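**Student:** sequence plus the predicted model coming up.
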Amino acid sequence: MKQLNECRVVITGAASGIGAAIALAFAKQGSSLLLSDLNQQQLEISAEHCRQFTSHVNTIVTDISYSEGANQTIDLCIECYGGIDVLVNNAGILTQAPCVDLSQKMWEDMLRIDLTSVFLTSQRALPHMIEQQWGRIINISSQLGIKGGVELTHYCAAKAGVIGFTKSLAQEVAKHNVLVNAIAPGPIITPLVEGISEQWKVDKAKELPLGRFGTAEEVAPVAILLASEPGGNLFVGQTLGPNSGDVMP
């Protein structure tokens, strides 16, 4: 069995929020990390937090929603550590607009960043995982990709796409011991939700059986579970939902 302190892990969108929390959780396991984001200043802060627990932390500032940036990210992990074991596709944006007001650029930016990036990084990492007959791909979706959300048609479409991609890819590569799963958090207190209206957040909290938004630190252990052995060994194409009860499949 592969232990987490042996794993070489790429985490995208690792500068803040859920990505930073997942990075820190893997660091505490002693994993070797390659952290990717566009925000260089915040990325270095996240990396420094991780270096308190593991000496193997490298960073790259690039846009993984384009093939060049996605390829550079995966290739740097292989250059630094000799391979890749775990890929956490977390990078994403969140904007809000009624569908009738949604510009084509907002739509295309959302799908490119929240969905296409997942395809690009996964495609680059897969040959290495298949060759070594071991890998874990963990895609961060959203519960809104399951249930939808007002003024979030573009976001929900992208996140539903992540879930569909996860299920399909899982069926393709499980025979190579490459396990692909998704995490669909509910409302989480992160910088990502800062652009959403306060009224939406107040109303949303009232809907939740738990009565509150979650924190990034409450989501990160799910990624650790999916990457671990034997804990993650039987999860194939699943969507795990730390969502305060917002969705109950």
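**Tutor:** Cool, the structure landed.

**Student:** the closest residue to T116 other than its chain neighbours in helix, strand or coil?
**Tutor:** Once flanking residues are discounted, T116 sits nearest to S65: 5.8 Å by Cβ to Cβ, 6 or more residues apart in numbering. C-beta coordinates here come from the backbone N, C-alpha and C atoms, glycine included. Each residue gets one of three states, and S65 gets coil by DSSP: H, G, I helix; E, B strand; the rest coil.

**Student:** from here on, count from 22
**Tutor:** Got it, first residue is 22 now, which makes that one S86.

**Student:** how close does S86 sit to R29?
**Tutor:** 23 Å (Cβ to Cβ, to the nearest Å).

**Student:** give the contact list for the residue nearest to T137.
**Tutor:** When contacts are counted by Cβ atoms under 8 Å, 6 or more residues apart in numbering, S86 touches 112, 133-134, 137-138, 141.

**Student:** check what pLDDT it gets.
**Tutor:** Looking at S86, its pLDDT is 98.

**Student:** M22 and A248 touch, don't they?
**Tutor:** No. Using Cβ atoms under 8 Å, M22 makes no contact with A248, being 11.9 Å away.

**Student:** the more surrounded of these two?
**Tutor:** Taking neighbours as other Cβ atoms under 10 Å, M22 and A248 compare with A248 leading, 28 against 8.

**Student:** pLDDT score for that one?
**Tutor:** pLDDT, read off for A248, is 98.

**Student:** what does N264 give?
**Tutor:** At N264, the predicted lDDT confidence score is 95.

**Student:** ok, now K225?
**Tutor:** For K225, pLDDT reads 86.

**Student:** which residues does it contact?
**Tutor:** K225 sits next to 208, 234 when contact means Cβ under 8 Å, 6+ apart.

**Student:** which element is it on?
**Tutor:** Here K225, judged by DSSP states H and E, is contained in helix 219-228.

**Student:** got the CA positions of that helix in CSV?
**Tutor:** C-alpha atoms of helix 219-228 as CSV (Å, rounded to 0.1, in the frame of the first residue of the first chain):
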residue,chain,number,x,y,z
GLU,A,219,-25.0,38.8,1.4
GLN,A,220,-28.7,38.2,1.1
TRP,A,221,-28.0,35.0,-0.9
LYS,A,222,-25.7,33.8,1.9
VAL,A,223,-28.2,34.6,4.6
ASP,A,224,-31.0,32.9,2.8
LYS,A,225,-28.8,29.9,2.0
ALA,A,226,-27.7,29.3,5.6
LYS,A,227,-31.4,29.2,6.6
GLU,A,228,-32.0,26.4,4.2
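
**Student:** okay then, goodbye and thanks.
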